[in-house]
Structure formats: C-alpha cells, structure tokens
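*Asks:* Here is my input, please return the structure:
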Amino acid sequence: MDWQAALGPVLSPLGLDLYDVELTGGTLSVVVTRDGGVDLDALTEASRAVSAWLDANDPIEGRYTLDVSSPGLERRLRTPEHFAGARGERVTLRERREGQPTRRLEGTLVASDATSATIDDAELGPTRVELAGVERARTVFLWGADQPTAGRSRATTSKKG
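*Replies:* Numbers count the residues shown, from 1 in each chain. Sure, this is the predicted structure:
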C-alpha cells in the first residue's frame, strides 16, 4: 500500500507530515512530524484522523493496534528520503555485508541518493554504504550539545478487524 498517498492528505490539514509507516507484529506504526516538533495534542488529532481513515477504508485484515508517534530525538532511517533529510547529521548504522561480519558505522552523513549513503566514519573516514545492505540506521542525538525540547511522544489506539 502507498501509505504516503493514503495518509498524507489525512495529516496535511493538521499541519503534520507523514515520516514513516510500518506494519509489524499486529501494530501499525504511523510516525508524524512537523516543523517545531509534535506535541501530544497534535498526536491525539493525528490518531483520531488516521483511525477514522482506517475505519472508512479498511486496508488491513484482522486485528491490529494503531500507534501514532513522533520520531523522537533519534529518528529511525529506513528510506532514501529519510537519509536525504538527515544529511549533515550524526548517524549510526549496521551494515550487512555478504560473506563478511556485520559492520557498524557512526559519523556524519555527508551524502545520500536513492541507493546509497556516505558516512564520514570516525575510524574509516568517508564510507559509502548501499541502502539495501543497511540492517538498522538512526540519527544520533549528542547529549550535552543542546538539551532536547521534547522527547518522543506517542498515542496508541486498539483496532478490531
């Protein structure tokens, strides 16, 4: 399902952008953002709007839980768009490599495109990684540099199918 096309118009009138959607283990996780951050009131509105859309369109069979949240201080990076939005930020990732041990990199994300990202790793220097080989990636918040204004927020709703 093209969640961006489906939920983007539902969230846009609320001043929110769809950051990520993932359906795993009976939970539909919807992550929303906006300039200046997302507060609990915005998450509650988003949860109600997404829940109403899901009720009207019924795109998921069976029971599931709807979890609407903000990405938090350390955002998960899954798509080329996520990597593009994190350029210039400190990131960490685990890379699967065929026939070699998994490699962990941490440093500044200096470049990205539709298929790869380049990280200026503290030990290896600039290192290009194929996105298809990324097992897990996220931005890294540097504690002590700037204090956070808000932590990760979440609104959860159970749905019956």
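*Asks:* Please make it C-alpha for all contacts and neighbour counts, starting now.
*Replies:* Fine.
*Asks:* give me the beta-bridge partners of T24?
*Replies:* Residues found in beta-bridge contact with T24 (criterion: DSSP bridges) are T27.
*Asks:* no, scratch that, I was asking about S116
*Replies:* E130.
*Asks:* That one: what's it in contact with?
*Replies:* 80, 128-132 (CA atoms under 8 Å, 6 or more residues apart in numbering).
*Asks:* of those residues, buried ones?
*Replies:* Among these, the ones that count as buried by 16 or more other CA atoms under 10 Å are 80, 128-131.
*Asks:* Report the buried residues of the longest helix anywhere in the chain.
*Replies:* Identified as the longest helix of the chain according to DSSP state H is helix 40-57. Neighbour-count burial for helix 40-57, counted by 16+ other CA under 10 Å, picks out 42-44, 46-47, 49-51, 54.
*Asks:* Repeat that for stretch 57-68.
*Replies:* By neighbour count, with 16+ other CA under 10 Å as the criterion, the buried positions of stretch 57-68 are 64-68.
*Asks:* could I get those as JSON lines with secondary structure, distance to V10 and pLDDT?
*Replies:* Formatted as JSON lines, the entries for the buried residues of stretch 57-68 read as follows, by DSSP: H, G, I helix; E, B strand; the rest coil; distance: CA to CA, whole Å; pLDDT from 0 to 100:
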{"residue": "Y64", "secondary structure": "strand", "distance to V10": "20", "pLDDT": "90"}
{"residue": "T65", "secondary structure": "strand", "distance to V10": "19", "pLDDT": "93"}
{"residue": "L66", "secondary structure": "strand", "distance to V10": "15", "pLDDT": "94"}
{"residue": "D67", "secondary structure": "strand", "distance to V10": "16", "pLDDT": "95"}
{"residue": "V68", "secondary structure": "strand", "distance to V10": "13", "pLDDT": "96"}
